[in-house]
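1. A structural model of the following input is requested.
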Amino acid sequence: MLILKFNTLSADDLFAIERCLLRWLDDKARPSIDPDFNVLDYGRTELYGHLLGVFAKLGVLSALDITPSTLLDFLIDVDTTYLNAPYHSFYHAVDIVTVLYYILTELEADQYLSNLDIAALLIAALCHDAGHPGYNNLYQVNVKTELAARYNNTSVLEAYSATITRDLLHKHKLLKDLASTNGKSVTHHYTWTEGRFLDAIESLILATDMVYHFDLQEQAGVLEELLSQDDDEDDDSDWCSASDSDSFAIPTPSSSTYDEEDLCYSLNRDQRQSLCRILLHAADISNTVRPWAISKQWSDLIVQEFFRQGDAEKEAGLDVSPGMDRDQSTQPDISLKFGDFLVKPYFEALAGFLPSANIFLDTLNENRSEWVRLKTCPEAAFPPENAANNERQFPSSLLPPQPVLNPSGRRISVAAGTVVIPDRQIFVARKRQRSTMSINTRSSSSGGGPNNLLQRRPAGLRSASHTGVPRIIVPDRRPSDLLQQQAWLSPTLLKTTTVLESPVSMCHPQDRSPLSRVSKRLA
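-> Numbering: from 1, shown residues only. From the prediction side, this is the model:
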């Protein structure tokens, strides 16, 4: 029986959630989760039960030593922090968790991670857009919102989501028994603490800022090299079984002492944390690689949010963000640029060490053909004007009250923010397209198979840029060094854990309202 401490649901809702959880725990009745699973088809009670099942199946409940009731209370509070933006809603968060479940289980990424790695990853995925108003970081900075000032114009919305997440985890004491779970199976040289776990979650959420897209893509290539080296070596660690061990304490680089847990996995702690960032970002931009019907639904919601921000920017006398001017941009163009320049290279890098991820690339190519087709008949491409208020997308009675609320390269707006594509990346993407066409032509005539189209930037000087953030240059390093160089994602970037207690002008003036309900939920 599910019992809530901080929230109230009807007995019928609780029974429905429990029935869903029990189906997940039954191997014969467990639902099949694949890229066709569409969270937009379900109501709140079903989604809560779905999330409980995902967390239970992946060992999060046992890793954190918590009950389904405690987790459900936490899930409901997380839900209430999501504003009813067209795209950045609680449904988006559940979708990302679902995609990660598929990647971890069906694509077997879980073989590299401990249960605590997965626990941090899923919590970060669920909370990564908490409090998102539907107006991105660039808007926050240009309008000079209170949030932008609070977080120094740096990963504004991600930092806010990380703050909300920390407060919710403290409120529900989800990590209070973490220390006791460390010693269940093996003795560890490094003690896994609540603070390290919180820092790991915060680092994961911050890494969802699109400014880190190309760094994560490069790290995926580095992981491929490390794992291929590991495959060439004799593996004499079969004696060690996966455990609910501490995963994120960072050993001193010069230390010659290794945690016993590191002997259980192909990757050490820093590398597993990098893998979690890579997987979370992949799930966050995965709407383009989902089956067409689902991909189009999410694209409709993204475009609604884009054009709403573009209208607000015009009204404020600001330059309209790329792709957000409804008079200049089309949905097919937005989707094609996103897929060609960002999604395809990233998922090619992902498939480098998870070959089964090629299924996403196959779907991306199919969807590209659909967008090219729609580009010739644009009237069929745009979502209806009133789609943002379509209750079918948010069907449950449990829905919280709706609030009233220049570097070189090409700038593209994406769901997670605005990204600057360096000129070199544009060149590589276009060269890849030409090479693909050339290879396909030669293959059809000679019978030869296609070459590996994965093209990574060579390890060397690279940069990340962000509005209000200095350019960061990282010198050439060995693969293992690249994965350990994470200072630019360190949780020390954010010291505040203060919950907003006053209205924050982070929305369009017509939509602006106090976020007091978020503060109250966290009180």
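
2. any idea how far the closest residue to residue 95 other than its chain neighbours lies from residue 99?
-> The shortest distance from residue 95 to any non-neighbouring residue, by Cβ to Cβ, 6 or more residues apart in numbering, is to residue 39 (4.8 Å). Quick note: C-beta positions are derived from backbone N, CA and C, even for glycine. Separation of residue 39 from residue 99 (Cβ to Cβ, to the nearest Å): 10 Å.

3. likewise residue 360?
-> Residue 360 is 10 Å from residue 99, by Cβ to Cβ.

4. then the strand or helix carrying residue 219 to CSV, C-alphas only?
-> Assigned by DSSP states H and E, residue 219 belongs to helix 213-231. Below are the C-alpha coordinates for helix 213-231, written out as CSV (Å, rounded to 0.1, in the frame of the first residue of the first chain):
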residue,chain,number,x,y,z
HIS,A,213,27.2,19.7,-26.7
PHE,A,214,30.4,19.5,-28.7
ASP,A,215,32.5,18.7,-25.6
LEU,A,216,30.2,15.8,-24.8
GLN,A,217,30.4,14.6,-28.4
GLU,A,218,34.1,14.6,-28.2
GLN,A,219,34.0,12.7,-24.9
ALA,A,220,31.9,10.1,-26.6
GLY,A,221,34.7,9.6,-29.0
VAL,A,222,37.2,9.3,-26.2
LEU,A,223,35.0,6.7,-24.5
GLU,A,224,35.0,4.7,-27.7
GLU,A,225,38.8,4.6,-27.7
LEU,A,226,39.0,3.6,-24.1
LEU,A,227,36.5,0.8,-24.4
SER,A,228,38.1,-0.5,-27.6
GLN,A,229,41.4,-0.6,-25.7
ASP,A,230,39.7,-2.4,-22.9
ASP,A,231,38.3,-5.0,-25.3
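
5. Show me which positions of that helix end up buried.
-> 213-227 (16 or more other Cβ atoms under 10 Å).

6. try stretch 57-77
-> In stretch 57-77, counting by 16+ other Cβ under 10 Å, buried: 57-61, 63-66, 68-77.

7. Now do it, average pLDDT.
-> On average, the pLDDT along stretch 57-77 is 97.

8. how long is that stretch end to end?
-> Using Cα to Cα, to the nearest Å, the end-to-end distance of stretch 57-77 comes to 22 Å.

9. backbone phi and psi for residue 317, please?
-> Phi and psi for residue 317, reported as degrees, to the nearest 10, are phi 80, psi 20.

10. wait, residue 146
-> Per degrees, to the nearest 10, the backbone of residue 146 is at phi -60, psi -30.

11. Count the neighbours of it for me.
-> 14 (other Cβ atoms under 10 Å).

12. Give me the local confidence score for it.
-> pLDDT for residue 146: 97.

13. Just want to check the distance between it and residue 40.
-> Residue 146 is 32 Å from residue 40, by Cβ to Cβ.

14. Now residue 112: closest residue in space, sequence neighbours ignored.
-> residue 267 (5.3 Å).

15. residues contacting the one you found?
-> By Cβ atoms under 8 Å, 6 or more residues apart in numbering, the residues touching residue 267 are 112, 223, 226-227, 275.

16. so where does residue 164 fall, helix or strand?
-> Applying DSSP H and E, one finds residue 164 within helix 156-172.

17. which other residues reach stretch 50-61?
-> Contacting residues not belonging to stretch 50-61 are listed as 17, 20-21, 23-25, 30-31, 33, 39, 42, 67-68, 71-72, 75, 94, 97-98, 101, 104-105, 110, 115, 118-119, 122-123, 126, 244 [Cβ under 8 Å, 6+ apart].

18. any low-confidence regions in this structure?
-> The model of the chain has pLDDT under 70 over residues 179-191, 230-265, 378-523.

19. the strands in it, which residues?
-> 410-414, 417-421, 462-466, 469-474 (DSSP state E).

20. Tell me where the stretch 51-200 of the chain has helices.
-> Applying DSSP state H, counting those that start in this stretch to the stretch 51-200 of the chain gives helices spanning 60-64, 68-81, 90-105, 115-127, 137-143, 146-150, 156-172, 178-182, 194-206.

21. So for residue 304, which of those helices sits nearest?
-> With Cβ to Cβ as the criterion, residue 304 lies closest to helix 90-105 of the helices of the stretch 51-200 of the chain, at 12.9 Å.

22. on contacts alone, who are the packing partners of that closest one?
-> For helix 90-105, the elements it packs on are helix 44-57, helix 68-81, helix 115-127, helix 269-284, judged by 3 or more Cβ pairs under 8 Å, 6 or more residues apart in numbering; DSSP states H and E.

23. can you do 6 Å?
-> With contacts taken as 3 or more Cβ pairs under 6 Å, 6 or more residues apart in numbering; DSSP states H and E, helix 90-105 sits against helix 115-127, helix 269-284.

24. if we can go back for a sec, angle of the helix holding residue 164 against helix 115-127?
-> 120 degrees (axes from the mean of the first three to the mean of the last three Cα atoms, to 10 degrees).

25. now what about helix 156-172, what contacts it?
-> 74, 77, 81, 127-132, 137, 140, 147-148, 151, 198, 202, 205-206, 208-209, 494, 497, 499, 522 (Cβ atoms under 6 Å, 6 or more residues apart in numbering).

26. Flag every buried residue along that helix.
-> 156-169, 171-172.

27. ok, now stretch 5-19?
-> Residues of stretch 5-19 classed as buried by neighbour count (16+ other Cβ under 10 Å): 9, 13-14, 16-18.

28. what's the neighbour count on the closest residue to residue 276 other than its chain neighbours?
-> Nearest non-adjacent residue to residue 276, counting by Cβ to Cβ, 6+ apart: residue 121, 4.6 Å away. For residue 121, the count of nearby residues is 30 (other Cβ under 10 Å).

29. Is residue 121 in contact with residue 275, as I believe?
-> No: when contacts are counted by Cβ atoms under 6 Å, residue 121 is not listed as touching residue 275 (9.0 Å).

30. What sits closest to residue 1 if chain neighbours are left out?
-> residue 18 (7.3 Å).

31. One more: residue 349?
-> Excluding the flanking residues, the one nearest residue 349 by Cβ to Cβ, 6+ apart is residue 220, at 3.8 Å.
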